[in-house]
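>>> Sequence first, then the predicted structure:
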Amino acid sequence: MNRPIRRIAIVAMVMFALLLGNITYTIVFRESQLDEMPGNRRVRDEQFGQDRGPILVGNTPVALTTPANDRFRFQREYPSGELYAPITGFYAYDYGTSALEARYNGELAGTDDSLFVRRLLDILTNRPPTGATVQTTINAAAQQAAFEGMGDLKGAVIAQDAKTGAVLALVSTPSYDPNRLASHDIGADGEASQAWLELTNDENQPLRNRAAREIYPPGSTFKLVTAAAALENGHAPDQRWASPDRLQLPGTETYLPNTSPCGGDEVTLEQALKVSCNTAFANVGLALGTEALQAQAERFGFGSPQLNDLNGVISRFPDDPNDAQLAMSSIGQFEVAASPMQMNMVTAAIANDGVVMRPYLVSAIRSENLAPISTTRPQQVGEAMTPGNARVLQGWMQTVVNEGTGRNGRIEGVEVGGKTGSAETTPDAPPYAWYTTYARSGDRTIAVTVFVEEADIEPNDISGGRLAAPIAKRVLEELL
């Protein structure tokens, strides 16, 4: 072979090698990126027809894939429909994914890098990829109790193991049926399109996850944060605070009233918490100042997203309120806004002797043969209070349940502490009702928060003690 031909042969070999290398690199390393391109409809068709992995509650699939007799070959199904929709989310051809279906899309589809070896074997054997299994921390009985307890109420319930952060129940109502969105009838007039239009136009907004992805004024439940700040900043438990029938907000002509007598012109924080005395807590906030209250809120988790498994939102405390705004912030009004998930973290941390645990909803990802790919371990993220101060506040919360506004949350023979709350919204809207509580039995400590955004009763009858506490009690009884 003469020299020019040899050179051409070498160049051709190098080009073929580069081409093969690029193809190999694309298949092995860029497959997920290319699959997720929104304009890649062919890949979307293929993915929608994959044997997607299940989402489990205990050993029961709450999202699974079954064979289908159509061009997609497999159908995504949600056997419990509305019950677990805020957790599983939906998997729809034209409308994408949400909740765990979105957060763990790669694992469920079998395309995530954690499944690299399995994917490589599938490529070599020309075997369709099979998705991994997502194991949740949800307790089925508690979830059912929370869902039935909410009934026709609009709102949310969240329950956690206070010692680990594991989410044991998560309900958002009204809910929706994800089976309709997962339908293979995807034409403009198909079932999936009709379901999407109905859900997005529904004034009750069933697609919103009110437990983890929405924030609301927490009202008097925020007094737990204010009480914690007072203890952490050196104020004695038996210190007495001015508690007039009404308090003129600094620099304004506006008066802050109490909804019921506080028990005297000066009361301890335990008494103020028991009867939810607004003026006493406003005076506490004014004495502490913005920096102390904001720092305490942040130690409980405000200012950071919570529950990454569902892309949880950030709860907030105002940055630079004036004195009148600070007084209102101290009782969970003005611009204080929190998710039920965040307020449950406050209660869980108090019940856990001040230790804040990271909330999580997924305990493990498992391969097709159930071998663990990844496991979630409980993670401490901070200390909101000293153990001694946390135990003082636990005692005050028990007084609320045993003698105060939280009597409807009592459980015979069980240590229960709680805090009720109602929060003003707009003049033409009813108040929100809150109840956040913990219960301890043996070595188990459970925190539950119930939020009622709207109820079909007279506004004057809306309160956390009346509406929310019985629901929380029902969930706690299932878990304990």
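Great, that's in hand.

>>> all helices of the stretch 151-300 of the chain, in order?
178-181, 191-201, 223-232, 269-275, 278-288, 290-300 (DSSP state H, counting those that start in this stretch).

>>> Off-centre distance for stretch 224-244?
29 Å (C-alpha atoms, centre = their mean, to the nearest Å).

>>> buried stuff in it?
224-232, 235, 237, 241, 243-244 (16 or more other C-beta atoms under 10 Å). Placement of C-beta: from N, CA and C, glycine included.

>>> Output these in a markdown table, with distance to residue 327 appended to each entry.
Shown next, in a markdown table, are the buried residues of stretch 224-244 (distance: C-beta to C-beta, whole Å):
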| residue | distance to residue 327 |
| --- | --- |
| 224 | 17 |
| 225 | 14 |
| 226 | 11 |
| 227 | 15 |
| 228 | 18 |
| 229 | 14 |
| 230 | 14 |
| 231 | 19 |
| 232 | 20 |
| 235 | 17 |
| 237 | 22 |
| 241 | 13 |
| 243 | 13 |
| 244 | 13 |
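
>>> what about the helix ranked longest in the chain, average pLDDT?
Secondary structure of the chain per DSSP state H: the longest helix is helix 3-29. When pLDDT is averaged along helix 3-29, the result is 72.

>>> Any idea how far that helix is from the middle of the chain?
52 Å.

>>> in stretch 243-263, what counts as buried?
Buried, per 16+ other C-beta under 10 Å, within stretch 243-263: 243-244, 247, 249, 256, 258, 262.

>>> out of the residues you listed, what pair is the most spread apart?
249 and 262 (17.1 Å; C-beta to C-beta).

>>> residue nearest the centroid of this protein?
residue 212 (2.9 Å; C-alpha atoms, centre = their mean).

>>> Backbone dihedrals for that one, both of them.
phi -130, psi -20 (degrees, to the nearest 10).

>>> Next, the contact list for it, please.
Neighbouring residues of residue 212 by C-beta atoms under 8 Å, 6 or more residues apart in numbering: 158, 170, 306-307, 310, 312-313, 339-341.

>>> Apply 7 Å and report the result again.
Counting by C-beta atoms under 7 Å, 6 or more residues apart in numbering, residue 212 touches 307, 310, 312, 339, 341.

>>> Just flag the most distant two among those.
The widest separation within the contacts of residue 212 (C-beta to C-beta) is 10.3 Å, between 310 and 339.

>>> Tell me which of these two has more neighbours.
Neighbours per residue, other C-beta atoms under 10 Å: of residue 310 and residue 339, the larger number sits with residue 339, 29 against 26.

>>> so what's the more buried one closest to, chain neighbours aside?
residue 215 (5.2 Å; C-beta to C-beta, 6 or more residues apart in numbering).

>>> go on, residue 403?
residue 274 (5.9 Å).

>>> ok, that neighbour to residue 262 distance?
Using C-beta to C-beta, to the nearest Å, residue 274 is found at 10 Å from residue 262.

>>> would you turn the helices of the stretch 151-300 of the chain into a markdown table with distance to residue 66 and mean pLDDT?
Listed next are the helices of the stretch 151-300 of the chain as a markdown table, based on distance: least, C-beta to C-beta, whole Å; pLDDT from 0 to 100:
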| stretch | distance to residue 66 | mean pLDDT |
| --- | --- | --- |
| helix 178-181 | 12 | 97 |
| helix 191-201 | 17 | 96 |
| helix 223-232 | 46 | 98 |
| helix 269-275 | 52 | 97 |
| helix 278-288 | 54 | 98 |
| helix 290-300 | 43 | 98 |
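
>>> Please name every helix or strand in contact with the longest helix of the chain.
Packing partners of helix 3-29 (3 or more C-beta pairs under 7 Å, 6 or more residues apart in numbering; DSSP states H and E): none among the helices and strands.

>>> Would you mind giving the secondary structure of the residue nearest to residue 282 when sequence neighbours are not counted?
Distances taken as C-beta to C-beta, 6+ apart put residue 327 closest to residue 282, at 4.0 Å, once the chain neighbours are dropped. Judged by DSSP: H, G, I helix; E, B strand; the rest coil, the three-state class of residue 327 is helix.

>>> any idea how far residue 321 is from residue 327?
Distance from residue 327 to residue 321, by C-beta to C-beta: 9 Å.

>>> neighbour-wise, which of these two wins?
residue 327 (27 against 20).

>>> hang on, that one packs against residue 246?
No: with contact defined as C-beta atoms under 7 Å, residue 327 and residue 246 do not form a contacting pair (12.0 Å).

>>> what's the overlap in contacts for those two?
residue 256.

>>> contacting residues around stretch 266-273?
Contacts for stretch 266-273 (C-beta under 7 Å, 6+ apart): 223, 227, 230, 238-243, 262-263, 277, 280-281, 396, 399-400, 419.

>>> and the residue nearest to residue 403, what is it in contact with?
Counting by C-beta under 7 Å, 6+ apart, residue 274 has contacts 399-400, 403-404.

>>> How about residue 449?
158, 340, 343-344, 347, 436.

>>> May I see the PyMOL selection of the buried members of those residues?
Listed next is the PyMOL selection for buried residues among the contacts of residue 449, using 16+ other C-beta under 10 Å:
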select buried, resi 158+340+343+344+347+436
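
>>> Could you export the contacts of residue 449 as a markdown table, including distance to residue 197, pLDDT and secondary structure?
Listed next are the contacts of residue 449 as a markdown table, based on distance: C-beta to C-beta, whole Å; pLDDT from 0 to 100; DSSP: H, G, I helix; E, B strand; the rest coil:
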| residue | distance to residue 197 | pLDDT | secondary structure |
| --- | --- | --- | --- |
| 158 | 30 | 98 | strand |
| 340 | 28 | 98 | helix |
| 343 | 34 | 98 | helix |
| 344 | 34 | 98 | helix |
| 347 | 39 | 98 | helix |
| 436 | 36 | 97 | strand |
